[in-house]
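I'd like to go over a predicted model; first the sequence, then the structure.
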Protein chains: 2
Amino acid sequence: MEARVNNGPIPGRVVGLPTNPVVTPLLTDLYQFTMAYAYWKAGKHNERAVFDLYFRKNPFGGEYTVFAGLEECIRFIANFKFTEDEIAFIRDTLPGSCEDGFFDYLSGIDCSDVEVYAISEGSVVFPKVPLMRVEGPIAVVQLLETPFVNLTNYASLVTTNAARHRFVAGKSKILLEFGLRRAQGPDGGIGASKYCYMGGFDATSNVAAGRLFGIPLRGTHSHAFVSSFMSPDEIIDKSLQSSDGSSTCEDFVSLVHSWLSKIQWSNSFHGIFGETNQSELAAFTSYALAFPNNFLALVDTYDVMRSGIPNFCAVAVALSDLGYKAAGIRLDSGDLAYLSCETRKFFCKIEKEFGVSGFGKTAITASNDLNEETLDALNKQGHEVDAFGIGTNLVTCYAQAALGCVFKLVEINNQPRIKLSEDVSKVSIPCKKRSYRLYGKEGYALVDIMTGENEPPPKLGERLLCRHPFNESKRAYVVPQLVEELMKCYWPGSSDNPRVDLPPLKDIRDRCIKQLEQMRPDHMRRLNPTPYKVSVSAKLYDFIHFLWLNEAPVGELQ
Amino acid sequence: MEARVNNGPIPGRVVGLPTNPVVTPLLTDLYQFTMAYAYWKAGKHNERAVFDLYFRKNPFGGEYTVFAGLEECIRFIANFKFTEDEIAFIRDTLPGSCEDGFFDYLSGIDCSDVEVYAISEGSVVFPKVPLMRVEGPIAVVQLLETPFVNLTNYASLVTTNAARHRFVAGKSKILLEFGLRRAQGPDGGIGASKYCYMGGFDATSNVAAGRLFGIPLRGTHSHAFVSSFMSPDEIIDKSLQSSDGSSTCEDFVSLVHSWLSKIQWSNSFHGIFGETNQSELAAFTSYALAFPNNFLALVDTYDVMRSGIPNFCAVAVALSDLGYKAAGIRLDSGDLAYLSCETRKFFCKIEKEFGVSGFGKTAITASNDLNEETLDALNKQGHEVDAFGIGTNLVTCYAQAALGCVFKLVEINNQPRIKLSEDVSKVSIPCKKRSYRLYGKEGYALVDIMTGENEPPPKLGERLLCRHPFNESKRAYVVPQLVEELMKCYWPGSSDNPRVDLPPLKDIRDRCIKQLEQMRPDHMRRLNPTPYKVSVSAKLYDFIHFLWLNEAPVGELQ
């Protein structure tokens, strides 16, 4: 892969390169090139076209979606330019009959004449409403179709999945994305970490993503670490300085042993557990010696209540003698509701019996194939988990592995175009459009409405007819208390429109969390949520149906 | 992302960089670094450890899996070395109390002392049998866990998915991977294209993957291309030279018109269709002018039988007048079984009525949300499709979006380690092992068997007891007619063992196709396939159960 240089085509509009260097203008379907050639050959390549990027159905049986991936799209077009090697490859790939002039044309193109209007990344969005409106020379815009759809489909899907997990877990829980090893490829992992954070997760285990995007990193140790030890005898350097540096415990291993014995024979715990696993005790002690301020132990390698928890407590209380506070435990198997409650009781008894202040509140993290359903089930059973580590189901979007974003031609040479289908949900909404979100008295969003580009915008306090785009009988009057225009200019092309800057990830995350909080609760619930209304203006409605009748063939029953 | 230099740590063992530049030693879970520090702090970091990479359950309700991703793992370790910036980031990320010596240690490590034995990429594999055995200093091997699991999990899953689609479609069909736009991120797309080809697909639409891996590329045009035209009047350059260059048709548009009219009013087609869509006719004509040798038309933008097929045939027969042969049509909606059969009849009638030789065999490609089930249903209904374009369900592995490859410690300092679990399927098989595939008289594989590393290998024609690793009563004698050792040395570390070269993708694909053909049919069928047997030697069985009893705590009923 040759090096790419970080310069946008237009001075003053420099945008960083795509995060993943595999994102080049060749990351597209071959037919975009065959079409580009056919447009060029027909002299149509510079005809001005408008495409909408949208999806048709909310994922996961829900009634909302979070839009994500915009920044990567803008990075892509800002740096869209073919290298000589790429041109040579396309020349080799297309039929030999293709004329040289086309390759000269391809060498010269960039996105300086393409305009991108889009809904802000991290916004709550709904089916049929354009997430992006891309306008420019048809051959160029067509080449953007596949990368744009690729960069937004999974991004929006996994952000929505993260938001749904957050919704079920509740605001007070810590949510950790642990999906890298099960993600669909290395970039699936990088993207998942970025977009799960955007959707409301607190941290990731993925170091590369932490570095690329500044996402907080979290992690402890695995079962292999525990089973790599045999017994505490193998620990050589046993000394540990106290937290304030005032003293040194010369034999921390003995201190742990004496605490384990004290706990075992105390009134509260007598007969509750016997001999604990010694390789586990060695692993915990060793980990505490390495990270006295961040001691978090995986307690289920052998037996949670009879070995893991007692061993953890012995080490944690020994640390507490030296002024350190243990970070907590992680459960990675078994009945998480039951084990977390038993663990909490154990911690509270330690606090009471040995006067270790705050020990009852020691954090409990749970992992192991968690998803929306298991989080919901844990809530119903009652649990004492403070943090959830979620991997496979989150990052692969196991419940629904794809979102169907599409990119449809809605206008060419100022002529509106409609894509018909026998399936009404697949009919596209024609015309270069604007869209607005209308808010009601209680501050909740009531409806999204699309209008023709040149229609006057909805007015505050003025009654407006909102029509279902395809169902004649579904319509409603709305008196908006607040009108928000949804699409902003993220790439002005050759126009003079000011460009909205790409916000930092943290701001996008904040927007996402805030927008989700502002949704009417019945749209958000997991079971039978109310669909949010998406509409068109009366004028656009009439126009859609005029075009439809005009284009559709009249059948003949035989 | 800083540049990486393409040099393996050991002269003479240069292996290319990972395909995706995001694959760096930081593409791992944070806990691999915290564990590395704890190992280092305990003086254990150079202890020799053996890890097995394996999965527990075949995906998609089947009884086989194809192993893929090995080459990317070897590329990863061949180039495994931290940059200064990466070390600085790890230092910032770990607690401030971590000692400097650790970062010096990290700066120095590479994989020159790591040995990787693996089953050849593209092999048919089964649960519990190690796909890779990785041996080396524990801290280093632990750092490889996440990238190895990431690089093999999705690769094996999607290769298996492709193989399953091929199995249902049958050998004679052309299978095209069209998944880039719905893949889980850009690399999901690149990886999907590579591994679907490996699993038996014929081509991809993904240009970047075609370039990176030499996969054949295929593609035509989209609905947008069709609807971007208004009428044939807008075609300016109407001339087309004949295929042999001997003459030029000055008005190809008129030739198409005259053919459309001839077809419409011919005996065979009279009354079958009326006026066809003119923007579609213009698009087809224009595409044929651009690609007279590769004319393939998407025929469902308006109405397949009343517009798309008649328009296609008019253009195709006109091309045939000039000595060109049309490549075919693509159906992207509707009842594919019915439409493909009706289309075939239409083509045959054209051949007969107008004497266009071979026209009846014009290729029919179908796409639109295809998966194993729809392919199976099409087979049962009867269809005339020659090629299938498959996207979403294939590349996102919609039916099961993740494979559960794990990486477990099986030995440290020559001491075997077992990971227990209340769930028997999660108990690991301890020891550094070898594994063999035993074949029977009919040439089919009968059973895979794992043995301790130093056990003598199974002998040809000699009776051998194969035991289920965990179920006492399941065992069988086998007299192998052929014994294949499964794991080969792909990275010898500091040993003198010769390294098996990484074969080209095409060879891996051939191996995969051949191996699948050699499987006993009852393991391959879609409904209720027979599980393939995976076993351990009697000696390993006894050892597993000795260790298990030794490690498991004895419960106390209360």
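Right, received. Where do you want to start?

And the helices in the stretch 351-500 of chain A?
Under the criterion DSSP state H, counting those that start in this stretch, helices of the stretch 351-500 of chain A are mapped to A:372-381, A:392-395.

same for the last one, what does it pack against?
Helix A:392-395 sits against helix A:138-169, helix A:186-198, with contacts defined as 3 or more C-beta pairs under 8 Å, 6 or more residues apart in numbering or on different chains; DSSP states H and E. The way it works is simple: take the backbone N, C-alpha and C, and place the C-beta from them, glycine included.

Can you give me the neighbour number for residue A:531?
Neighbourhood size, residue A:531 [other C-beta atoms under 10 Å in any protein chain shown]: 13.

need the contact list for it.
Counting by C-beta atoms under 8 Å, 6 or more residues apart in numbering or on different chains, residue A:531 touches A:63, A:523.

Quick check, pLDDT for it.
In this prediction, residue A:531 carries a pLDDT score of 97.

Over to residue A:5?
Residue A:5 is assigned 46 on the pLDDT scale.

Which one of the helices and strands packed on helix A:392-395 has the poorest average confidence?
For those, where the average pLDDT is lowest is helix A:186-198, sitting at a mean of 91.

Keeping just the C-alphas, turn that one into PDB.
Provided in PDB are the C-alpha atoms of helix A:186-198 (Å, rounded to 0.1, in the frame of the first residue of the first chain):
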ATOM      1  CA  PRO A 186      -9.000  -5.800  13.300                       C
ATOM      2  CA  ASP A 187     -10.900  -2.800  12.100                       C
ATOM      3  CA  GLY A 188     -14.100  -4.200  13.300                       C
ATOM      4  CA  GLY A 189     -12.400  -4.100  16.700                       C
ATOM      5  CA  ILE A 190     -11.100  -0.500  16.300                       C
ATOM      6  CA  GLY A 191     -14.400   0.800  15.000                       C
ATOM      7  CA  ALA A 192     -16.400  -1.100  17.600                       C
ATOM      8  CA  SER A 193     -14.300   0.500  20.400                       C
ATOM      9  CA  LYS A 194     -14.800   4.000  19.000                       C
ATOM     10  CA  TYR A 195     -18.500   3.700  18.300                       C
ATOM     11  CA  CYS A 196     -19.400   1.900  21.600                       C
ATOM     12  CA  TYR A 197     -17.700   4.800  23.400                       C
ATOM     13  CA  MET A 198     -19.800   7.200  21.300                       C
END
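
circling back: of the helices of the stretch 351-500 of chain A, which stretch is the most buried?
Across the helices of the stretch 351-500 of chain A, the average number of neighbours (mean count of other C-beta atoms under 10 Å in any protein chain shown) peaks for helix A:392-395, which reaches a mean of 26.

quick revisit: among the helices and strands packed on helix A:392-395, show me which one is buried the most.
Burial of those is given as mean neighbour count (mean count of other C-beta under 10 Å); helix A:186-198 ranks first at a mean of 30.

My guess is residue A:211 contacts residue B:26. True?
Yes: if you go by C-beta atoms under 8 Å, residue A:211 and residue B:26 touch, sitting 6.0 Å apart.

Tell me which of the two has more neighbours.
residue B:26 (24 against 20).

I figured the more buried one hits residue B:85, correct?
No: counting by C-beta under 8 Å, residue B:26 does not reach residue B:85; the two are 9.7 Å apart.

From residue A:434, how far off is residue A:428?
16 Å (C-beta to C-beta, to the nearest Å).

thinking again about what came up before, identify the contacts common to residue A:211 and residue B:26.
Shared contacts of residue A:211 and residue B:26, defined by C-beta under 8 Å, 6+ apart, comprise B:86, B:89.

mind checking how far residue A:66 is from residue A:126?
11 Å.
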